[in-house]
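how would this look folded up:
(3 chains)
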Amino acid sequence: MGFVSRAFKGRPRDQPRDARVPPGQYLVRDFPVLSAGPTPHTSLAEWSFSIEGEVDEEKRWSWEELRALPSETVTRDIHCVTKWSKLDTTWEGISVDTLLEGVETAADYVMAFCDGGYTTNLPLEDVTGGKAWIAFAFDGQPLESQHGGPARLLVPHLYFWKSAKWVRGFRLMNEDSPGFWETYGYHMYGDPWQEQRYSGD
Amino acid sequence: MLDLVDETPRVRSLVLAVPGWPEHLAGQHVDVRLTAEDGYQAERSYSIASAPAGERLTLTVERLDDGEVSPYLAGELRAGDELELRGPIGGYFVWEGALGGPLLLVAGGSGICPLMAMLRLRQAAASAVPTRLLYSSRSLEDVIYRDELDRLVAMGSGLEVIHTLTRSIPEGWSGLHRRIDTAMLGAVAWPPAERPLIFVCGPTPLVESAAESLVNLGHEPAHIKTERFGPTGG
Amino acid sequence: MTEQELRLDGNAAAGLLQEIFVHEVTAARGACAACGSVGPMGAQHLYMSPRSPGAVLRCSACEGVLMVIVRAGGRFRLGLQGLVWIEMQDVDATS
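Now for the predicted structure:
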């Protein structure tokens, strides 16, 4: 056994109580802020969401147009690759299925792209079929910019780095291609139940 | 761990003996890693507050209420406990006597720590480099190393210390009592023509606003070195 | 000498690389690939918290990514795409 710091317990972390917590994760009550860069502050007037790349016709919504689409309120558990999980988080957002309605594509992958330059790659089938949302509210409040507001991608069944903050669109791709953290050694898919943290896991 | 010294109600210094310690430079830091019984680890960086002195070093830690590491270091830790350290680290925010001066040090709260290492080195080396410290604290009782700073000034070796208090002002306080701003830096700093070496350390907003003010006052950006404490979660 | 004779194995750079990678990199200067600014690594902006997936060093002028460091399952990966060059003092040089 290696070095142990006498009487050090660390941040309170609940031992996983139930089958809802993936292996290697501990539960938190707070909502940690993780960021790879400065928080962008794009005005809603300039904000838009686009679907581009391998599509017959690109699509784009202004903030008002997006908010006029039917939204859903969902409660899900989220799991961060840095080992914290948070249960029963409540979000309001537009289902990605709604955005992809009528989009003709043969692509199998999407690259979510964001203000500030962040990207993350996902299989198309992981953002469709009621599995992903463009979320603009958390816990009944507009999503704070530090948590990705005005809108972030929410893909709760994958590690949370896939739920890109400050999302501005999807680029549809025929081939998978690594996003920001994936380029630097994180897993291309990121299933918390398989502990797919790093490439090769 | 040799000794613990309470500096203020929220700040404690840890005096460590580190076998095989390669002597550090004033301004460098160490990474402290804590490991719980279950293998959980937390790591934070702390500036070294002591001048280079053999295998001994001092870290000064402010206890953050919602912190994870600082309440342990500044609360739980006892003399005789062991700590896992990596360091000394950092080659940028560093002052050595040979770099000369004049030296302008700007500190906010526990941002004094690496600057104190510079002042202690300056003293130990009997350096007469003209030096001014502008030090912002919440209140007089939050001033870290207050007595030692007074003693260093009283030695008359060309050190001036200017305190400013941002929250509670004691009765009869005749010093500055506002946040560090351009006018204050303009009054305290040497003119840019004297090319002072400037070190700024403290919370990110203080550091960014002080650095911006100094550039606006005409100081060369290359002469302004900064060290921000981010929202590291203590 | 033919071009072929000039080509060595990367192994032959071991000594040179060892000289470079022992340096205190925060004191090294680098050039941002996005905006061309030059400055010491220690003066750039670092985005890192105890619970972030990695450390991202960004240019203090344009916030472009200079360097990314990820500790990923028993190895470090160092991304340097945002740096055109990095320069360290040659301690052996006599001037």
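
use CA for all of it now, contacts and neighbours both
Fine.

identify, by residue count, the longest strand of chain A.
Using DSSP state E to define each element, chain A has its longest strand at strand A:84-95.

tell me which other helices or strands it touches.
Judged by 3 or more CA pairs under 8 Å, 6 or more residues apart in numbering or on different chains; DSSP states H and E, strand A:84-95 is in contact with strand A:26-27, strand A:72-79, strand A:133-138.

can you tell me the average pLDDT over that strand?
Averaged across strand A:84-95, the pLDDT comes to 96.

scan chain C for its longest strand.
Secondary structure of chain C per DSSP E: the longest strand is strand C:65-71.

what about that one, near chain B?
No - judged by CA under 8 Å from any CA of the partner chain, strand C:65-71 stays clear of chain B, getting no closer than 13.6 Å.

how about the residue located most distally from the centre of chain B, secondary structure?
Distance from the C-alpha centroid of chain B, by CA atoms, centre = their mean, peaks at B:D38 (33.5 Å). Following DSSP: H, G, I helix; E, B strand; the rest coil, the label given to B:D38 is coil.

so which residues on chain C come close to chain A?
Neighbours of chain A within chain C, by CA under 8 Å from any CA: C:47-49, C:51-56, C:58, C:63, C:68-70, C:72-73, C:77-79.

end-to-end on stretch A:189-201?
10 Å (CA to CA, to the nearest Å).

ok, and what's touching that stretch?
A:22-24, A:79, A:81, A:121-123, A:157-159, A:162, A:182, A:185-188, C:72-73 (CA atoms under 8 Å, 6 or more residues apart in numbering or on different chains).

can we see that at 7 Å?
Residues outside stretch A:189-201 that contact it (CA atoms under 7 Å, 6 or more residues apart in numbering or on different chains) are A:22-23, A:79, A:81, A:122, A:158-159, A:185-188, C:72-73.

just the buried ones from these?
A:P22, A:H79, A:V81, A:L122, A:L158, A:Y159, A:G185, A:Y186, A:H187, A:M188, C:A72 (16 or more other CA atoms under 10 Å in any protein chain shown).

now do the contacts for residue 90.
Because you didn't say which chain, this covers chain A. Shown in contact with A:T90 (CA under 7 Å, 6+ apart): A:T73, A:V74, A:T75, A:R76, A:F138, A:D139.

look at chain B instead
B:Q28, B:H29, C:E24, C:T26.

what's the spacing between the last one and B:I198?
With the distance defined as CA to CA, C:T26 ends up 17 Å from B:I198.

quick one: which of those two has more around it?
With neighbours defined as other CA atoms under 10 Å in any protein chain shown, C:T26 and B:I198 compare such that B:I198 has more, 26 against 18.

what's the ChimeraX line that selects buried ones from the residues of chain C next to chain A?
If you want just the buried ones from the residues of chain C next to chain A in ChimeraX, going by 16+ other CA under 10 Å, the selection is:
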select /C:47,48,49,51,52,53,54,55,56,58,63,68,69,70,72,77,79
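
give me the neighbour count for C:W85.
Neighbourhood size, C:W85 [other CA under 10 Å]: 13.

so can I have a markdown table of the contacts of A:T90 showing pLDDT, neighbour count and distance to A:I94?
Shown next, in a markdown table, are the contacts of A:T90 (pLDDT from 0 to 100; neighbours: other CA atoms under 10 Å in any protein chain shown; distance: CA to CA, whole Å):
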| residue | pLDDT | neighbour count | distance to A:I94 |
| --- | --- | --- | --- |
| A:T73 | 98 | 17 | 9 |
| A:V74 | 98 | 14 | 10 |
| A:T75 | 98 | 14 | 14 |
| A:R76 | 97 | 16 | 15 |
| A:F138 | 97 | 19 | 13 |
| A:D139 | 96 | 13 | 15 |
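
which one of the residues you listed is nearest A:A7?
For those, the residue nearest A:A7 by CA to CA is A:R76; the value is 34.6 Å.

in terms of contact, does the closest one touch A:T89 like I think?
Yes - A:R76 lies in contact with A:T89 (CA atoms under 7 Å); the separation is 5.3 Å.

show me where pLDDT drops low in chain A?
Within chain A, the stretches with pLDDT under 70 are A:1, A:12-17.

show me what from it comes close to chain C.
A:L34, A:S35, A:A36, A:G37, A:T82, A:Y184, A:G185, A:Y186, A:Y198 (CA under 7 Å from any CA of the partner chain).

ok, the second one - contacts?
Counting by CA under 7 Å, 6+ apart, A:S35 touches C:Y47, C:S52.

swap the cut-off to 8 Å and go again
Each residue near A:S35 by CA under 8 Å, 6+ apart is listed here: C:Y47, C:M48, C:S52.

got it, and the fifth one?
Taking CA under 8 Å, 6+ apart as the contact definition, A:T82 lies against C:R51, C:S52, C:P53.

excluding chain neighbours, what is closest to the last one?
Using CA to CA, 6 or more residues apart in numbering or on different chains and skipping the chain neighbours, the partner closest in space to C:P53 is A:T82 (6.2 Å).

follow-up on the earlier one: so which bits of the longest strand of chain A are buried?
A:W84, A:S85, A:K86, A:W91, A:E92, A:G93, A:I94, A:S95.

which of these sits closest to chain B?
A:W84 (12.1 Å; CA to the nearest CA).

mind listing what's buried along stretch B:163-172?
B:H163, B:T164, B:L165, B:T166, B:I169.

what of stretch A:19-37?
The neighbour-count check on stretch A:19-37 (16+ other CA under 10 Å) flags A:V21, A:P22, A:Q25, A:Y26, A:L27, A:V28, A:P32, A:L34, A:S35, A:A36, A:G37 as buried.

can you list the contacts of A:T90 in TSV and add distance to B:N216?
Output for the contacts of A:T90, formatted as TSV (distance: CA to CA, whole Å):
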residue	distance to B:N216
A:T73	49
A:V74	50
A:T75	50
A:R76	49
A:F138	41
A:D139	43
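
just give me the closest of these to B:A124.
Using CA to CA, the contacts of A:T90 come closest to B:A124 at A:F138, 55.4 Å.

ok, longest helix in chain C?
The single longest helix within chain C, with elements called by DSSP state H, is helix C:14-20.

that one vs chain B: in contact?
No - if you take CA under 8 Å from any CA as the test, helix C:14-20 misses chain B, and the best it gets is 14.7 Å.

mind checking what helix or strand follows that helix in sequence?
strand C:29-32 (DSSP states H and E).

now for C:P40: which residues touch it?
B:Y92, C:T26, C:A27, C:A28, C:R29, C:G30.

could you give the number of residues near the spatially closest residue to A:M188 that is not a sequence neighbour?
Distance criterion CA to CA, 6+ apart; nearest residue to A:M188, sequence neighbours excluded, is A:E182 at 5.8 Å. Residues lying near A:E182 (other CA under 10 Å) number 21.

same deal with B:G75?
15.

one step back: next one: the residue nearest to C:P53 from A:Q25, what distance?
Distance from A:T82 to A:Q25, by CA to CA: 8 Å.

then B:R179?
Taken as CA to CA, the span from B:R179 to A:Q25 is 42 Å.

could you list the low-pLDDT ranges of chain B?
Using pLDDT under 70, chain B drops low at B:230-234.

per-domain residue ranges of it.
Domain segmentation of chain B under automatic domain parsing yields B:3-89, B:97-229.
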